[in-house]
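Enquirer: predicted coordinates and the sequence they were generated for:
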Amino acid sequence: MFRTVPLVILLAGSAFAADPSKDALGDALPPGAIARFGTERFRNLDFYSGLQLLPDGKSFCAMLQSNNTIFDASTGLPTSKVPAARGSYSQMAHALSADGSTAATSKYDGIDVWNFASGAKILEIKRRLYSSENTLSLSADGKFLAIGGQLDDKAKEKGVVASVWDLEKKKEIAGVKVAQNSRCYTALSGNGQTLATWGYHSEPNQNFDKYDPDTDPNRLVQIWNVGNSKELAGVRVNGNIAAVAVSPDGNTVAASPGNGEIHIWDAQTGKRKWNLIDRSRMGHTLTFSPDGKTLAASSDDASVQLFDTATGKSKSITACPVTSEYVRIRSLKFNGPDRAIALISYGSTALVWEIPSGKQLSPAGGHHEGIAAIGFNDGGKEILTATATGTILRWNRAGEELGPFALKLPGSNASAPRSSNIAIFPGGKLLTCNTGNDVCVYELPSGVQKCALPSDGSYANRTLLNAARDRAVLIIPPGYSNNKDKPKPYRMIPFDLAAGTKGDAIALPPGEHMVTSLSPDGRTIIGIRRVIPEKGEPDTLLMSMDAETGKVNAEAPVKIGFGGSSIVFASDGKTFVLVKGDGAAAVYDSSTFHSERELKGDSRGNSIAPPVFSPNGQLVAIATGGSYGGGTAVIEVFDFASGKRLYKFAGHSQAVAAMAFSPEGKTLATGSLDTTALLWDLSAPAKE
């Protein structure tokens with residue numbers, strides 16, 4: 001679970017709180033929205049964005065495909081964009097010189113070196129790099145570039161070679177054949193004169209009974225003189241190497257297998273200076289201070305420890321402001337002898353913080369990954385938002401974060417273990433989630449567990465509840481089967497929540513059961529299944545079946561196109577809404593599958609969030625677009641009886657994954673993969 005600082009605390013007294021057109025951070029709300037939960041600042045920045053701290057310690061850049069975007073670390077706002085002369089392939093590795101003058105990125109067919117300030121290309125090196133991190137390393141002044149390598153089966157001379165380029169002269173000045181036979185990584189000293197290499201080695205048909213760790217190339221760091229390409233020393237660590245760093249003057253090398261042990265050697269002689277021990281899992285990244293007197297090491301939980309390189313003593317240990325199993329340091333820069341700034345990415349978010357104070361410099365609060373579920377809680381006073389990995393946050397209607405929402409274990413005050421696949425059902429009375437293989441049902445607003453729905457040791461990827469919340473069905477996908485002639489079927493398990501009983505697991509008809517919906521009375525399941533024949537195109541079938549026996553009542557072919565589709569029963573139980581892969585929506589009779597009317601809107605492509613009905617059943621909301629390059633997501637609200645569109649909203653930069661009407665039906669909440677939720681006003685006269 002993430003530990004977050006509520007936005008309401010950080011922004012208390014903000015002038016924007018009184019401006020209904022802006023959110024808590026002062027960003028404009030889209031037309032029709034009355035609140036935003038969370039922020040898009042520092043969001044949607046992942047590993048492939050090439051996140052790098054800049055020398056001032058107050059800003060960082062994202063090396064995107066078409067530009068370098070500079071962000072203010074304290075506000076999360078972009079301050080400038082510089083066009084970048086890079087190729088059309090996805091970038092895999094990134095490097096930025098310590099002075100911020102020069103950057104390098106790798107792509108599928110080569111390496112681009114460019115002036116960071118102007119974006120002008122300095123040099124293009126035709127060399128393929130399939131691996132990402134640690135394959136590029138720049139000297140502090142940006143004049144020298146070290147490049148790792150991998151085995152090239154087409155090369156005349158076999159072996160893996162690392163090289164160093166003089167970027168002013170635009171020529172290769174050093175090439176070294178390393179001990180590893182698969183790929184190698186590089187660390188270059190600040191002065192560009194000392195190179196360290198390490199990498200991955202594999203032997204075909206290796207006899208592990210004769211394995212010798214003292215000769216294993218995976219544990220070897222080689223140190224080279226760039227001037228003459230001669231090896232200065234070969235040093236070893238006790239495990240596969242996680243990180244290597246060379247001091248700015250090139251006289252010291254540090255390496256770690258990432259298990260809490262850090263080795264420091266004299267680069268010229270290979271003599272070990274220190275074999276440091278610290279907390280477990282420390283040593284995933286290593287960085288020297290500009291004067292070489294301090295070494296920073298980070299753990300896989302993003303905590304950072306500083307060491308005195310002269311004495312080997314620890315100076316400080318600083319925990320990351322956010323705790324999660326998904327955090328990782330992407331860039332670490334010293335801004336003083338014993339002070340550093342760290343940039344981490346977790347989920348789709350970036351966060352900047354100071355060492356050793358632990359002070360968070362970037363805005364805090366909100367979700368750090370896409371929202372997968374949303375619902376109103378406590379009679380509509382609060383809104384709950386949840387991610388796919390189990391983080392649940394509480395918000396008031398003004399968009400202020402109220403803190404995490406805890407699910408309580410039965411018979412104790414302890415919180416439930418980490419959950420996934422969270423669903424908040426219309427009406428805001430129940431929440432379901434996967435805990436292990438079983439599905440647990442919790443009552444709202446208390447968070448007390450109502451019951452557990454055992455799934456017979458299998459993972460249930462869908463939980464269906466009827467409108468009265470007295471019946472449930474688990475849909476369980478097939479596990480792996482190596483029998484192609486008889487693949488395992490999907491199964492369902494029915495539950496009578498009112499009686500507290502569980503039915504037997506029932507095998508469903510062959511094929512992939514893509515989307516499903518349970519009727520309000522809990523007796524019928526409507527769904528789409530795809531059957532792949534041995535020859536020919538797949539058959540996609542609209543299907544109705546008994547929710548207790550699994551008996552198929554009716555089937556009919558249906559064309560849904562590509563992309564995500566969704567289906568949901570209407571409140572009357574006699575009709576349902578189907579949204580196809582292209583975003584087209586229509587109302588169907590649940591017994592005949594006859595299309596009664598279309599819900600004509602501005603379809604923007606596939607739908608992730610199922611349609612939702614207002615509490616009185618008169619309105620239906622549909623969200624399309626925003627994923628797979630589909631642009632801004634569109635939310636449309638229709639009068640269900642006539643099919644007339646009443647409202648059209650747009651404001652999420654990525655797909656909407658969940659929607660919910662307020663209990664009075666005058667507000668619609670939408671949660672998006674862009675990590676935010678928006679509250680839309682339906683009380684005003686209908687307009688687009």
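Expert: Received it, and whenever you're ready, just let me know what you need. Numbering: from 1, shown residues only.
Enquirer: now the helices for the protein?
Expert: Per DSSP state H, the chain carries helices over the ranges 7-10.
Enquirer: farthest residue from the center of it?
Expert: Here the chain reaches farthest from its C-alpha mean at N228, the gap being 44.1 Å by Cα atoms, centre = their mean.
Enquirer: quick one: pLDDT of it?
Expert: Looking at N228, its pLDDT is 96.
Enquirer: how about it, phi and psi?
Expert: phi -120, psi 0 (degrees, to the nearest 10).
Enquirer: what's the separation between it and E172?
Expert: Note on N228: its distance to E172, by Cβ to Cβ, to the nearest Å, is 14 Å. Placement of C-beta: from N, CA and C, glycine included.
Enquirer: go on, P477?
Expert: 52 Å.
Enquirer: equivalent analysis for S289, please.
Expert: Distance from S289 to E172, counting by Cβ to Cβ: 30 Å.
Enquirer: more neighbours, those two?
Expert: In this view S289 and E172 are compared by other Cβ atoms under 10 Å, and S289 has more residues nearby, 21 against 14.
Enquirer: mind listing what the more buried one touches?
Expert: Residues in contact with S289 (Cβ atoms under 8 Å, 6 or more residues apart in numbering) are L295, A296, F334, P337, D338, A340.
Enquirer: kindly report the same for K210.
Expert: Counting by Cβ under 8 Å, 6+ apart, K210 has no contacts.
Enquirer: next one: F661
Expert: By Cβ under 8 Å, 6+ apart, the contact set of F661 is F376, P426, V612, F613, S614, P615, L619, A621, T667, L668, A669.
Enquirer: in JSON lines: those, plus neighbour count, distance to N191 and pLDDT.
Expert: Output for these, formatted as JSON lines (neighbours: other Cβ atoms under 10 Å; distance: Cβ to Cβ, whole Å; pLDDT from 0 to 100):
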{"residue": "F376", "neighbour count": "24", "distance to N191": "61", "pLDDT": "94"}
{"residue": "P426", "neighbour count": "21", "distance to N191": "64", "pLDDT": "81"}
{"residue": "V612", "neighbour count": "22", "distance to N191": "62", "pLDDT": "95"}
{"residue": "F613", "neighbour count": "21", "distance to N191": "67", "pLDDT": "95"}
{"residue": "S614", "neighbour count": "21", "distance to N191": "68", "pLDDT": "95"}
{"residue": "P615", "neighbour count": "15", "distance to N191": "69", "pLDDT": "94"}
{"residue": "L619", "neighbour count": "21", "distance to N191": "68", "pLDDT": "96"}
{"residue": "A621", "neighbour count": "26", "distance to N191": "61", "pLDDT": "95"}
{"residue": "T667", "neighbour count": "20", "distance to N191": "62", "pLDDT": "96"}
{"residue": "L668", "neighbour count": "25", "distance to N191": "60", "pLDDT": "97"}
{"residue": "A669", "neighbour count": "26", "distance to N191": "56", "pLDDT": "97"}
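Enquirer: hang on, the earlier thing: put the buried members of the contacts of S289 into a ChimeraX selection.
Expert: Buried residues among those (16 or more other Cβ atoms under 10 Å), as a ChimeraX selection:
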select :295,296,334,340
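Enquirer: can I get the contacts of S289 in CSV including pLDDT and distance to N218?
Expert: Below are those laid out as CSV (pLDDT from 0 to 100; distance: Cβ to Cβ, whole Å):
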residue, pLDDT, distance to N218
L295, 96, 23
A296, 94, 25
F334, 92, 30
P337, 81, 35
D338, 84, 34
A340, 90, 29
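Enquirer: make a markdown table from the contacts of S289 and add distance to G26 to it.
Expert: Formatted as a markdown table, the contacts of S289 follow (distance: Cβ to Cβ, whole Å):
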| residue | distance to G26 |
| --- | --- |
| L295 | 40 |
| A296 | 34 |
| F334 | 32 |
| P337 | 37 |
| D338 | 35 |
| A340 | 30 |
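Enquirer: sketch out the low-pLDDT regions of the stretch 51-200 of the chain for me.
Expert: Applying pLDDT under 70 to the stretch 51-200 of the chain flags residues 64-66, 84-92, 130-132, 152-158.
Enquirer: how far away is the residue nearest to G370 when sequence neighbours are not counted from P610?
Expert: Once flanking residues are discounted, G370 sits nearest to L673: 3.5 Å by Cβ to Cβ, 6 or more residues apart in numbering. Separation of L673 from P610 (Cβ to Cβ): 15 Å.
Enquirer: the more surrounded of these two?
Expert: Each of L673 and P610 has its neighbours counted (other Cβ under 10 Å); L673 has more, 25 against 21.
Enquirer: right, and the more buried one touches G626 too?
Expert: Yes. Using Cβ atoms under 8 Å, L673 is in contact with G626, at 7.4 Å.
Enquirer: which residues are common contacts for these two?
Expert: Shared contacts of L673 and G626 (Cβ under 8 Å, 6+ apart): Q654, A655, V656.
Enquirer: can I get those in TSV including distance to T311 and neighbour count?
Expert: Below are those laid out as TSV (distance: Cβ to Cβ, whole Å; neighbours: other Cβ atoms under 10 Å):
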residue	distance to T311	neighbour count
Q654	50	23
A655	54	25
V656	56	30
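Enquirer: now render those as CSV, adding distance to D209 and pLDDT.
Expert: Shown next, in CSV, are the shared contacts of L673 and G626 (distance: Cβ to Cβ, whole Å; pLDDT from 0 to 100):
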residue, distance to D209, pLDDT
Q654, 52, 88
A655, 52, 89
V656, 56, 93
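Enquirer: which of these fall within strands?
Expert: With strands taken from DSSP state E, the overlap with these comprises V656.
Enquirer: among the shared contacts of L673 and G626, find me the one that's closest to I560.
Expert: Of all the shared contacts of L673 and G626, I560 sits closest to A655, with 17.0 Å by Cβ to Cβ.
Enquirer: hang on, isn't the closest one packed against L673?
Expert: Yes. Here A655 lies in contact with L673, judged by Cβ under 8 Å, at a distance of 5.1 Å.
Enquirer: from A633, how far out is the residue nearest to G370?
Expert: Separation of L673 from A633 (Cβ to Cβ): 9 Å.
Enquirer: isn't D470 up against F495?
Expert: No. Judged on Cβ under 8 Å, D470 makes no contact with F495 at a distance of 9.5 Å.
Enquirer: those two - which one has more neighbours?
Expert: Taking neighbours as other Cβ under 10 Å, D470 and F495 compare with F495 leading, 24 against 14.
Enquirer: list the contacts for the more buried one?
Expert: F495 sits next to L453, R471, A472, V473, L474, T501, K502, G503 when contact means Cβ under 8 Å, 6+ apart.
Enquirer: got those as CSV, with distance to Y588 columns?
Expert: As requested, those are exported to CSV (distance: Cβ to Cβ, whole Å):
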residue, distance to Y588
L453, 29
R471, 22
A472, 24
V473, 20
L474, 25
T501, 32
K502, 31
G503, 27
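Enquirer: just the buried members of the residues you listed?
Expert: Buried residues within those, defined by neighbour count using 16+ other Cβ under 10 Å: L453, R471, A472, V473, L474, K502.
Enquirer: if I look at the fifth one, how far off is V178?
Expert: Distance, L474 to V178, using Cβ to Cβ: 53 Å.
Enquirer: please apply the same query to D582.
Expert: Distance of D582 to V178, computed by Cβ to Cβ: 52 Å.
Enquirer: what is the nearest of the contacts of F495 to N461?
Expert: Comparing these against N461 with Cβ to Cβ places L474 closest, at 9.0 Å.
Enquirer: from what I can see the closest one touches A452, true?
Expert: No. With contact defined as Cβ under 8 Å, L474 does not reach A452; the gap is 11.3 Å.
Enquirer: overlap of the contact sets of the two?
Expert: By Cβ under 8 Å, 6+ apart, L474 and A452 have these common neighbours: V439.
Enquirer: so which of the contacts of S289 belong to strands?
Expert: Residues of these located in strands (DSSP E): L295, A296, F334, A340.
Enquirer: can you list those residues in TSV and add distance to E534?
Expert: TSV is the format used below for those (distance: Cβ to Cβ, whole Å):
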residue	distance to E534
L295	61
A296	59
F334	63
A340	61
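Enquirer: so which residues of the stretch 151-300 of the chain form strands?
Expert: Along the stretch 151-300 of the chain, the segments classed as strands by DSSP state E, counting those that start in this stretch run 161-166, 171-177, 183-188, 194-200, 220-225, 230-236, 243-246, 252-256, 261-266, 272-277, 282-288, 294-299.
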